[in-house]
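**Q** Can you look at this prediction? I've put the sequence above it.
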Amino acid sequence: MTDRGSNSRRSANMNQKKIFANKVLTYTFVVFLLCIGLDKLTQTNLITNWQMIVGPIVHFLLPLSLGTVVMIEGAIEIGLGILLVTKWKTYSLVLLVVTVLLVTIDLLILHHYNLAIHEVMFIAVLIAIRALDQEAMKSVE
C-alpha cells in the first residue's frame with residue numbers, strides 16, 4: 001500500500017514539475033517575443049539592426065520598404081506572444097514554428113549561420129512547450 005502512495009506522490013510531483021517547466025518556457029518566450037516585437041515595431045534597433053537580416057526573398061516578394069516589413073514582423077510577434085497565454089496557445093505555437101522556420105531559411109540564404117542555429121533552438125523550445133502542454137492535458141484526464 002505504501003508503494004502505491006509513494007508512486008502517486010512521485011507522479012504528482014513530476015506533473016507539478018512539468019507544469020512549472022511549461023510555464024517557465026512559455027512566459028520566457030512571451031517576454032522574448034514582446035521584446036523583439038517592440039524593438040522591431042518601434043524601429044529602435046536596440047537588439048540588432050533588423051533590416052540587415054531581412055532576406056532577399058522576403059524583400060523581393062513583398063513590395064514594401066524594409067522598415068515596413070520589419071514593423072509588420074514586430075506586430076505579428078507581439079500578437080503571437082500574447083496568444084501564447086490564451087486559449088489559442090496551440091495555434092500560436094504552430095504559427096511560431098512556421099514563422100521561425102521561414103526566418104531560419106532566410107538566415108541560411110544570407111549566410112548568417114550563427115543566427116540560424118539560434119532559430120533552430122527556438123523551434124526546439126516551441127516543440128517542448130507543445131509537448132508539455134499535451135502532457136498536462138493527459139494528467140488532467
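**A** Structure received.

**Q** Any chance you could list what contacts the helix or strand of the chain with the lowest mean pLDDT?
**A** When each helix and strand of the chain is scored by mean pLDDT, DSSP states H and E, helix 56-61 comes last, with a mean of 81. The contact list for helix 56-61, computed with CB atoms under 8 Å, 6 or more residues apart in numbering, reads 66, 69, 106, 109-110. (C-beta placed from N, C-alpha, C; glycine too.)

**Q** ok, and for it, which residues are buried?
**A** residue 58 (16 or more other CB atoms under 10 Å).

**Q** Next secondary structure element downstream of that helix?
**A** Per DSSP states H and E, helix 56-61 leads on to helix 66-83 as the next helix or strand towards the C-terminus.

**Q** continuing past that following helix, what's the next helix or strand?
**A** Next element after helix 66-83 (DSSP H and E): helix 89-109.

**Q** for that following helix, packing partners?
**A** In terms of contacts (3 or more CB pairs under 8 Å, 6 or more residues apart in numbering; DSSP states H and E), helix 89-109 is packed against helix 56-61, helix 66-83, helix 113-140.

**Q** how much does the second one deviate in direction from helix 89-109?
**A** It stands for helix 66-83. Angle of helix 66-83 versus helix 89-109, following axes from the mean of the first three to the mean of the last three CA atoms, to 10 degrees, is 150 degrees.

**Q** Check which helices and strands helix 66-83 sits against.
**A** Against helix 66-83 (3+ CB pairs under 8 Å, 6+ apart) you get helix 2-42, helix 56-61, helix 89-109.

**Q** do that again at 6 Å, thanks
**A** In terms of contacts (3 or more CB pairs under 6 Å, 6 or more residues apart in numbering; DSSP states H and E), helix 66-83 is packed against helix 2-42, helix 89-109.

**Q** How about the last one?
**A** Counting contacts by 3+ CB pairs under 6 Å, 6+ apart, the secondary-structure elements packed against helix 113-140 are helix 2-42, helix 89-109.

**Q** buried stuff in it?
**A** Going by 16+ other CB under 10 Å, helix 113-140 has these buried residues: 115-116, 119, 122-123, 125-126, 129-130, 132-133, 135.
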